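Asker: For reference, the sequence and a predicted model appear below.
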Protein chains: 2
Amino acid sequence: MARKERRVTIEDVAREAGVSPMTVSRVVNNTGRISDRTRRHVQDVISRMDYRPSRAARTLVTRQTKMIAIVVPDITNPYFAEILQGAEDVAWAHGYGVLLSNTNERPAREEAVLSQIEETTADGLIVCASRLADDVLLPLIAKRRAVVLINREGQDRFASVVRSRYGFGYRAVRAARYLVGLGRRRIGYLLLQRGGVRSNLGMFVQAMNDLAAETNPDWYRTSLPTWESGYEAARGLLADHPELDAVVGGNDLVALGTMRAAIELGRRIPDDLALIGGDDILMAREVTPALTTFSVPKFEMGAAATRLLLDQLGGDARYQEYLYDEEMIVRASTG
Amino acid sequence: MARKERRVTIEDVAREAGVSPMTVSRVVNNTGRISDRTRRHVQDVISRMDYRPSRAARTLVTRQTKMIAIVVPDITNPYFAEILQGAEDVAWAHGYGVLLSNTNERPAREEAVLSQIEETTADGLIVCASRLADDVLLPLIAKRRAVVLINREGQDRFASVVRSRYGFGYRAVRAARYLVGLGRRRIGYLLLQRGGVRSNLGMFVQAMNDLAAETNPDWYRTSLPTWESGYEAARGLLADHPELDAVVGGNDLVALGTMRAAIELGRRIPDDLALIGGDDILMAREVTPALTTFSVPKFEMGAAATRLLLDQLGGDARYQEYLYDEEMIVRASTG
DNA sequence: CTGTTAGCGCCTTCAG
DNA sequence: CTGAAGGCGCTAACAG
């Protein structure tokens, strides 16, 4: 299976160069003191023989893989794609490889993935928008040396966190508040169904009450954070409730699915139905009517997560939080 | 830096279980013959001590990393995101990890990435839509044990390939042919600028000539495969050439950028300007007017690429080609 | 069915 | 500034 032909090792180079393996190692890693002459000579031999250090051997002794693992719910969601882009960019710039796991919005798969990525696979771990409940997630990451969570809410500081300042619930509240201010009365909400993560419906209802706005449990449904799921949920919701004059989607994909469902059901946007999403993906801006949404610095958040992780690997043990403000982008879908 | 506390090794387990390391190894890898009694006993000890084999040590001796590397031009392009999803899915199902490199549409970075991912990093390599010229790409992948190219055209069979049957040039030709059939006369083309990869403009012009359709070098410009680049290119093209009554975009993102530019410049779609893209991303369908495009099985292509790669790793040395047909999806943007 | 021996390729440590 | 010895944790190959 594996090719039998021996690869060029550090010893081969050493022999060829007439020095000890240690000297070659020093040249390769740029450590210790080496005379310029030998350094150049060794470098010559290295490139002549096309020597490449073995990662495995190096990892075995240094206990560093120079890899970070990133777990993401769905890379076809542009929101995560951009976060991932930011994370990979920084990792690459620092000489780290990125091991990607896509859980396809399945908590069970996330669990399996997390229990398989251990210290011997990657030096650090970034978990993006985990769909696991605290009591499942915690044990899975507890023993790791470096972990950063993206978009994880909760008090318990068991890892560094990068997220939007006020959390998911607050986003919906802001949206509803805006809609009420616009004169909308009967507001539906498609909240994201995220595995074991606590729902934020209570917060939403509370806010509606505070606004003296109408509420109705039948107006609130859950949806996976995908277009298809949002579309399906909205078909049901809108068909059952012609009285709704606005819908808040858990994110842009869901709101966009809702837009399609609304159009199919003959609702005009924004006249009959106002719509708000979240994440500010490209599609939200380019669709007609353009979708009102919340913008977050996705690339930057991914980049920050990696930086935080590298800090931890560098010995900075503090748990930190990076909080980002979400800006509401008002577009035609809210009139 | 690395924690000093020794991890649990196979020897620890062996000692604790009163057997040899070899027996533990056999239990872990499920190889050789082991009595049921000892197997169960060893498994007990393993889980009690929470033993995890060291990847590095294993890799060092087996020469297998159980990782595949995937190089992609831009993961925020939904086209690649879906391919990646397919590839990761299959890899995961076979116990392989995915090492992701995103080159951000920069050939130089692709080159750097490819020269750093060697056999000691990943067992196999999938290069998606390489932007490198043959004479650059070839040496970089020549010595690898297993390589699969996605969407790479060219005669030279130097690696297995997964791609659409008729290639990028043909897609544009089909689009133009359709537009001419619709009565469009002056057709612009925003072709994808892909580093050192040969342009397909010649093929396009040839086809137009065959159709006895008007051609004009000024109607053809290049664009990166991104929305922004398509938008910029189209602003210029459409401003300079009011006479155009159709534009073919290299892919959906470019065509969508063109759509935005056209709207801003007061062109009505499809009345004044017909538009065709390619890739069939979600956004193409959901935009108004919906974009005519070419559909390809993206997820399936990524999955097939990984399967091909795993075949090669399994010893199947044949170079293979998987070809997929592109179906033209006619939507409102062409009237 | 189980154990022994001998590395895989590199870097840490300690001597020169 | 350079080298020698030893070991990181595991499995292939061969014994028994």
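Answerer: In hand now; what should we look at? Numbers count the residues shown, from 1 in each chain, chains lettered A, B, ... in the order given.

Asker: How about the residues of the stretch 1-150 of chain A by chain B?
Answerer: A:1-3, A:7, A:52-57, A:59-60, A:62-65, A:67, A:75-76, A:78, A:81-82, A:84-85, A:88-89, A:92, A:97-102, A:104, A:113, A:118-121, A:145 (Cβ under 8 Å from any Cβ of the partner chain). C-beta here means a position set from N, CA and C on the backbone, and glycine is covered the same way.

Asker: Okay, strands next: where are they in chain A?
Answerer: Counting by DSSP state E, the segments of chain A that form strands are A:67-72, A:97-102, A:124-128, A:147-150, A:160-164, A:187-192, A:220-223, A:246-249, A:274-276, A:293-295, A:321-324, A:327-329.

Asker: The first one packs against which elements?
Answerer: What that stands for is strand A:67-72. helix A:78-93, strand A:97-102, helix A:107-116, strand A:124-128 (3 or more Cβ pairs under 8 Å, 6 or more residues apart in numbering or on different chains; DSSP states H and E).

Asker: gap between that strand and the chain center?
Answerer: Offset of strand A:67-72 from its chain centre (Cα atoms, centre = their mean, to the nearest Å): 10 Å.

Asker: related to what we said a few turns ago, let's have the strands of chain A in CSV, adding mean neighbour count.
Answerer: Listed next are the strands of chain A as CSV, based on neighbours: other Cβ atoms under 10 Å in any protein chain shown:
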stretch, mean neighbour count
strand A:67-72, 25
strand A:97-102, 24
strand A:124-128, 27
strand A:147-150, 26
strand A:160-164, 22
strand A:187-192, 25
strand A:220-223, 20
strand A:246-249, 31
strand A:274-276, 28
strand A:293-295, 23
strand A:321-324, 14
strand A:327-329, 15
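
Asker: any chance of those strands in a markdown table, with mean pLDDT too?
Answerer: Compiled in a markdown table, those are given as follows (pLDDT from 0 to 100):
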| stretch | mean pLDDT |
| --- | --- |
| strand A:67-72 | 96 |
| strand A:97-102 | 96 |
| strand A:124-128 | 95 |
| strand A:147-150 | 94 |
| strand A:160-164 | 92 |
| strand A:187-192 | 95 |
| strand A:220-223 | 95 |
| strand A:246-249 | 96 |
| strand A:274-276 | 97 |
| strand A:293-295 | 96 |
| strand A:321-324 | 92 |
| strand A:327-329 | 96 |
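
Asker: Nearest to B:Leu191, out of the ones you listed?
Answerer: strand A:97-102 (30.6 Å; Cβ to Cβ).

Asker: for the residue of the stretch 151-300 of chain A found nearest chain B, what are its contacts?
Answerer: Residue of the stretch 151-300 of chain A nearest chain B, by Cβ to the nearest Cβ: A:Thr288 (4.0 Å). By Cβ atoms under 8 Å, 6 or more residues apart in numbering or on different chains, the contact set of A:Thr288 is A:Ala332, B:Val287, B:Thr288.

Asker: one step back: could you dump the strands of chain A to TSV with distance to DNA strand C?
Answerer: What follows is the strands of chain A, written out as TSV (distance: least, Cβ to the nearest atom of the strand, whole Å):
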stretch	distance to DNA strand C
strand A:67-72	16
strand A:97-102	16
strand A:124-128	19
strand A:147-150	24
strand A:160-164	26
strand A:187-192	45
strand A:220-223	50
strand A:246-249	51
strand A:274-276	53
strand A:293-295	44
strand A:321-324	31
strand A:327-329	46
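
Asker: Mind putting those into JSON lines with distance to B:Gln312?
Answerer: What follows is the strands of chain A, written out as JSON lines (distance: least, Cβ to Cβ, whole Å):
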{"stretch": "strand A:67-72", "distance to B:Gln312": "23"}
{"stretch": "strand A:97-102", "distance to B:Gln312": "21"}
{"stretch": "strand A:124-128", "distance to B:Gln312": "30"}
{"stretch": "strand A:147-150", "distance to B:Gln312": "35"}
{"stretch": "strand A:160-164", "distance to B:Gln312": "39"}
{"stretch": "strand A:187-192", "distance to B:Gln312": "40"}
{"stretch": "strand A:220-223", "distance to B:Gln312": "41"}
{"stretch": "strand A:246-249", "distance to B:Gln312": "44"}
{"stretch": "strand A:274-276", "distance to B:Gln312": "48"}
{"stretch": "strand A:293-295", "distance to B:Gln312": "44"}
{"stretch": "strand A:321-324", "distance to B:Gln312": "42"}
{"stretch": "strand A:327-329", "distance to B:Gln312": "47"}
